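Engineer: 3D model of this:
(2 chains)
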Amino acid sequence: MLLPALLLLAAQPLLAQAPPDTNAPTGAEQNCGLTISGKVLDHDSRAPLVGATVYITQLGKATVADEAGNYHFHDLCQGTYTLKVTYVGYQQEDFTYKLTSSVTRNLQLHSDTHLLQAVEVTGAHLKDEAQASQTLSGRQLEETRGLSLAESLAGLAGVSSLQTGPTIAKPVIHGLHSNRVLLLNNGVRQEGQQWGTEHAPEIDPFVATEMKVIKGAAGVRYGADAIGGVVIIEPKALPDSAAGISGELNLLGTTNNRQGAISATAEGTVPNLPLLSWRLQGTLKKAGNARTPDYYMQNTGFNERNFSAAFGYHKQNYGAELFYSQFNTKLGILSASHIGNITDIENAIARGKPFGADTVQFTYDINRPYQDIRHDLLKAKVYLNTGDIGKLSFTYGFQNDVRDEYDVHNVESGHPAMHLAISTQTTETIWEHKPVGNFTGSAGINTIYQNNTWLYSDFLPFYTSFNPGIFALEKWRKDRLQLEGGIRYDYKHVQVKDLVENTYVEKHKYDYQHVSGTVGAMYDVGYHLTLGLNAASAWRAPGVNELFSDGVHHASGIYEIGDEHLLIEKAYNFEASAQYFGSPRFSGQFSVYNNYINNYIYLAPTQTFTLSPKGAFPTFKYKQVDAIFRGFDLSLQYKLLDELTLESKTTIVRARNTGTGEWLVGIPADSYDNSLRYEFGNDDSSGLWGKSYFSVGGQYVAAQTRYPTQTDQDYALPPDAYFLLHAEAGTTLHLGKQPLEVGITGNNLLNTAYRDYLNRFRYYTDDLGRMLLFRVKVPLTFTRN
Amino acid sequence: MKKLFRPYLAILLAGSLTLAVSACGGGDDPKPIVEEQEEITTVQISLVPEGKGQNVTATFSDPDGVGGADPVVDALNLAPNTVYKGTITLKDESKTPVEDMTAEVKTEGDEHELFFNVTGANLTVTKTDLDSNNRPIGLEATFETAATSSGTLRVTLKHQPNLKGATSDITKGETDVQVDFPVVIQ
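Structural biologist: Here you go, the predicted structure:
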């Protein structure tokens, strides 16, 4: 493969930077018996930095700080010397001294917050699985504040966003989404009506301090149905020391839809019980009509009201956590997308923009059609650490998801056109065994119990399902090689109560079971390069909508028919990846994958129409074929200068129906994002301006040229390619002792009119025009004991 | 080591299974939808000739709504060179008793309009009723035939809330009804 070779080439200048020979000749003139010595310390904690390198530039002499952080140079002549001190995770600093006699000088380094974040983003050495994954945290996560979960993740290579207008977005990993992507919110798998492409994840992104995406089938550890990948949303760990009460205030305002958001967090420990910690968090968001470059989109406002509370009790060997969160949102749906039949869609496409768009005004009011969603999550976790056997943990999760969808009909009744309520109880028992020789690993049992009911519309039947699973995962690591393997067995029982012709109830039972597995290998070629190979499988039972749909899907103007004889869908994902990391100048991550999906379930056109008084609806039926998803993700960071970094991300996906040889519909087009970041200022809290950055970049999304042509599966051709200019800037202001992080993100700065293939409203309207997001983050400390 | 391990594991496993099993209650059965959304299932065209001739009625009917049984449609059998006075009736036959929805469309005439498109047949349809803004509705119309011919009449009812006006036409708004009647003029 070409890439590792390129990476090695790029590594050459770095290898040449190795410390020079300490025996280099020194000027042997007058008074050359001086000594400079001292400690290398962390500026804030005063902790010794064991292994820091101290290098005298004038002499080419270097030494390494010992176990106590001590360094010394002997036999120096009088003169001026510059000591260059470097240590991983700290900013390199130069200290210049005029030496006339032997002296002791302590050298203090500042931790490099950016570098630490960079480590988290591409951290090969924190990577513990062979499978490709990417993490959004730190500054990169801050820049996405104000965007939805899916839009935030879409900045990562290999991840795209499936939009339904400006208010609804779902994450797409390697071309797969909805039922095929598993979301783990605070350790509990998110369960709502995720089968629906217009049902966004019910998660407040402000809760997360880290979002990790595991790309490709990952059925063993996280749940059998992770066919496309897993999104892991992690909140910050609860405070673990008696540091009083602290908090954080996030304020956000945007142009375009004039969104305002406030999110506040307070956390601390209970004064007399320092092991008992707590956190309260809440978010309010309100946005009005969004605007394309030329017109407002009617009824595209939204609001969100979320809060969460967490409590933890942590002893060294045991502990417990309790977490509750509630998510409420009301989402306006573009008025022009409310259609009666396919002729309406064709008229909208021919018209080019919504009828009357030029007269639409800005407003925060949300009218029909809209969605009103509430999601509750209660999580309880206990764990036990015993030195002998390892760590045992048990997690119970309860979720209740209520979705009300209002359309413009039957307004007088006041009730929604569709009301869906699904409650889910999950348990997870995990045993992480104590390392035995070179082996580490875990085993566990999961159960999921679900109950789904509806009111007003029987688009989806009542059902209950019970899904227990058992798994084991082992890793073997020796020197530079890690081998991993795992196996999982799941059983799923589904009981359906289907109301037929609004008169009688038919009961059906389904049982599914299957095994999934994973094997992987990771090899650390050198300090800078890690290679990984991974094969993993996953499977999922057909969704109840895929078994039982029978009706018009009003958003798409088609008549959908389910098939209760669908078989389970199985994915086999093969992946090779290379991670280059460790040099301050260049890092990168490349992965190439082949995801074979056996019995891939999709809506196939039957080429017939269902006649009705509302016109003729094209009829689609759920079918199964074999499909293959392949592609690669590439992300690179190259430091052109100390302050100037080039960042590049590429996402390429190809997906085919292997039965007919046709491309699959709705696959993300090729996307490239490149940006230049300039950093300046420092972390020294003495001045007004702290660490600052400015970045400017562009995203190019090609036109999707690979779409099915033999059968009509779409009403319009994929939209043209587009280029969007974006820029970000941020700094930390120190107002006395109070730091203040401020930032601006600008999206679509050239106000380009465009449509995206993965936006389901591309038939009706252009996408968002220019938007500026202003944000302020205020870390707070209320009391100090 | 094993001694220590067993009780914990047993408790955790038992806990997990109890929670899972106790949750397996089953729940209620779905109840028939009482207050079903109003839906136009039936479109009837009644024509009375000016002067001599026979009255004509044609119905498009799909009482079980979209899907299920196919809709039934009558042909419009018209006499050549005749002017008919026409009225359109809209009904919801999925309800008992059958609900007449014509009045509702008439009341909300300022956001509804019917459109008549003829292909093949020598038939001209002219709307004669007006809404509160003096825009045509189309529940009443004259049907004028010419020479012997045959073809199709498409009747479309558009819901155009805040959209109906001087520039609204058949391509605007949401389709409530779109039905095709075969037309035979002989």
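
Engineer: switch to C-alpha atoms for all contacts and neighbour counts from now on
Structural biologist: Noted.

Engineer: so who does residue A:260 touch?
Structural biologist: A:251-254, A:285-287 (CA atoms under 8 Å, 6 or more residues apart in numbering or on different chains).

Engineer: Now with 7 Å, please.
Structural biologist: The contact partners of residue A:260, by CA atoms under 7 Å, 6 or more residues apart in numbering or on different chains, come to A:252-254, A:285-287.

Engineer: just residue A:742 next, same as before
Structural biologist: Here residue A:742 is in contact with A:730-732, A:775-777 (CA under 7 Å, 6+ apart).

Engineer: strand partners of the one helix or strand it maps to, parallel vs antiparallel please.
Structural biologist: Secondary structure from DSSP states H and E places residue A:742 in strand A:738-747. Applying DSSP bridges, strand A:738-747 is found paired with strand A:722-735 (antiparallel), strand A:771-781 (antiparallel).

Engineer: now it: mean pLDDT?
Structural biologist: The average of the pLDDT scores along strand A:738-747 is 92.

Engineer: cool, stretch A:397-413 as well?
Structural biologist: Confidence for stretch A:397-413, expressed as mean pLDDT, is 89.

Engineer: What's the end-to-end length of it?
Structural biologist: By CA to CA, to the nearest Å, the extent of stretch A:397-413 from end to end equals 35 Å.

Engineer: what does stretch B:51-60 give?
Structural biologist: 27 Å.

Engineer: Going by neighbour count, which residues of the strand holding residue A:742 are buried?
Structural biologist: Neighbour-count burial for strand A:738-747 flags A:739-747 (criterion: 16 or more other CA atoms under 10 Å in any protein chain shown).

Engineer: Let me see the confidence value for residue A:100.
Structural biologist: 80.

Engineer: What of residue B:33?
Structural biologist: pLDDT, residue B:33: 79.

Engineer: I'd assumed residue A:456 was in contact with it.
Structural biologist: Yes. Counting by CA atoms under 7 Å, residue A:456 is a contact partner of residue B:33 at 6.0 Å.

Engineer: neighbour-wise, which of the two wins?
Structural biologist: Using other CA atoms under 10 Å in any protein chain shown, the more surrounded residue of residue B:33 and residue A:456 is residue A:456, with 18 against 14.

Engineer: For residue 65, give me its contacts.
Structural biologist: Going with chain A. Going by CA under 7 Å, 6+ apart, residue A:65 touches A:40, A:50-53, A:71.

Engineer: switch to chain B, that's the one I care about
Structural biologist: Per CA under 7 Å, 6+ apart, neighbours of residue B:65: A:612, B:41.

Engineer: now it: how far from residue B:95?
Structural biologist: Distance, residue B:65 to residue B:95, by CA to CA: 11 Å.

Engineer: With residue A:572 instead?
Structural biologist: Here residue A:572 is placed at a distance of 51 Å from residue B:95 (CA to CA).

Engineer: of these two, who's got more company?
Structural biologist: Shown here are residue A:572 and residue B:95; by other CA under 10 Å, residue A:572 has more neighbours (24 against 15).

Engineer: neighbours of residue A:100, just the number please.
Structural biologist: For residue A:100, the neighbour count with other CA under 10 Å is 14.
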